[in-house]
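[1] turn this into a model:
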Amino acid sequence: MYSDIFSKLYDAFGWNYYPESFAQLLLRWIDEQGLHINNMLDLGCGTGILCNMIAEHGIETMGMDLSHGMIAMAKQNYPHIVFQQGNMIDWKPKMNFDLVTSTCDAINHILEPEDVKKVIKNVYSYLNPGGIFLFDFLRPGEEADCEPVDMGELDGKRLQFQIYHPKDQFVTLQADLFEGDKLIHTEKIQEHLYEPEWILNVLKETGFQDVRCTDQLLESESGHAATWFIIAKK
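    Numbering: from 1, shown residues only. Next up is the predicted model:
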């Protein structure tokens, strides 16, 4: 779970790029598929960027995140949107949705396979008939170890980011925050790398009727090197 310190720096050091680009991709995909989406829930909503960009196009949105810090930032940035803190494993909204999304490899943050099954079953329960669960997850083997990379400097603080594999099927994302040469905060996020075939089987066993895995949402787009997209229709 992201700390309050890291949540406040998340967008400033460039992690706003993915939800911004994915929002544009998602809107094009909705149009391409001819879908009529009244409302959308974003699980692992972070600072709320995706919810806001989709809401600007007339779709009612709601966001949920495990991190209290992320939810605080989302509420501060977009007070007109409902954001709630919770765990996607067992959190349930009081309404159903036409579309549920979970991006930025939030599913990989669920470390136990049995808990991933619970997430999928939970999402199924609050999707409208014909509703869609669309999420991404890391492609095993694509996230190579890397040395610390400088992410930039802000208000006298600089951030370094690195990726390493502590053991098979797991990856750790580490961000180190420095003030001058002094390390003042370390953020470590562990992720579990799941095989797409396993996730597809879980979705089908849960009751999803139309399930597919792709590295591109739009036919005109090239694949994303490190990410799979799953589209599952109830």
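[2] domain-wise, how is the protein divided?
    4-139+194-233, 146-191 (automatic domain parsing).
[3] could the ones you listed be laid out in a markdown table, adding mean pLDDT and mean neighbour count?
    Just so you know, the C-beta spots here come from the backbone N, C-alpha and C atoms, and that holds for glycine as well. As requested, the domains of the chain are exported to a markdown table (pLDDT from 0 to 100; neighbours: other Cβ atoms under 10 Å):
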| stretch | mean pLDDT | mean neighbour count |
| --- | --- | --- |
| domain 4-139+194-233 | 92 | 18 |
| domain 146-191 | 83 | 13 |
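[4] need the contact list for the residue positioned nearest the centre of the chain.
    Centroid check for the chain by Cα atoms, centre = their mean gives residue 103 as the closest residue, at 2.5 Å. Counting by Cβ atoms under 8 Å, 6 or more residues apart in numbering, residue 103 touches 18-19, 22, 42, 44, 50, 135-136.
[5] 10 Å - rerun?
    Shown in contact with residue 103 (Cβ atoms under 10 Å, 6 or more residues apart in numbering): 18-19, 22-23, 25-26, 42-46, 50, 134-137, 227, 229.
[6] just residue 86 next, same as before
    Here residue 86 is in contact with 43, 64-66, 71, 92-93 (Cβ under 10 Å, 6+ apart).
[7] which residues sit against the longest helix seen in the chain?
    In the chain, assigned by DSSP state H, the helix with the most residues is helix 17-33. Applying Cβ under 10 Å, 6+ apart, the contact partners of helix 17-33 are 11, 35-37, 40, 42, 45-57, 59, 99, 101, 103-105, 132, 134, 136, 216-221, 224, 227, 229, 231.
[8] same check on stretch 55-62?
    By Cβ under 10 Å, 6+ apart, the residues outside stretch 55-62 that reach it are 23, 26-27, 30-31, 36-43, 45, 48, 50-54, 63, 78, 80-84, 93-95, 97-101.
[9] what's the end-to-end length of it?
    Length of stretch 55-62, first residue to last, Cα to Cα, to the nearest Å: 9 Å.
[10] again with stretch 160-172
    In stretch 160-172, first residue to last residue: 14 Å (Cα to Cα).
[11] so how far is that stretch off the chain centroid?
    18 Å (Cα atoms, centre = their mean, to the nearest Å).
[12] begin at 27 from now on, thanks
    All set: I'll call the first residue 27, so the last point we hit is now stretch 186-198.
[13] contacts only, for the nearest residue to residue 100 once chain neighbours are set aside.
    Closest residue to residue 100 apart from its sequence neighbours, by Cβ to Cβ, 6 or more residues apart in numbering: residue 74 at 3.2 Å. Residues in contact with residue 74, defined by Cβ under 10 Å, 6+ apart, are 37, 45, 68, 81, 87, 89, 91, 96-97, 99-105, 107, 109.
[14] please apply the same query to residue 65.
    Residue 65 neighbours (Cβ under 10 Å, 6+ apart): 80-81, 85-88, 119, 121-126, 154, 157.
[15] keep only those of the residues you listed that are in strands.
    Of the positions in those, 86-88, 123-126, 154, 157 sit in strands, assigned by DSSP state E.
[16] would you list the residues you listed in JSON lines and tack on distance to residue 227?
    As requested, those are arranged in JSON lines below (distance: Cβ to Cβ, whole Å):
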{"residue": "86", "distance to residue 227": "32"}
{"residue": "87", "distance to residue 227": "30"}
{"residue": "88", "distance to residue 227": "29"}
{"residue": "123", "distance to residue 227": "24"}
{"residue": "124", "distance to residue 227": "25"}
{"residue": "125", "distance to residue 227": "23"}
{"residue": "126", "distance to residue 227": "19"}
{"residue": "154", "distance to residue 227": "24"}
{"residue": "157", "distance to residue 227": "20"}
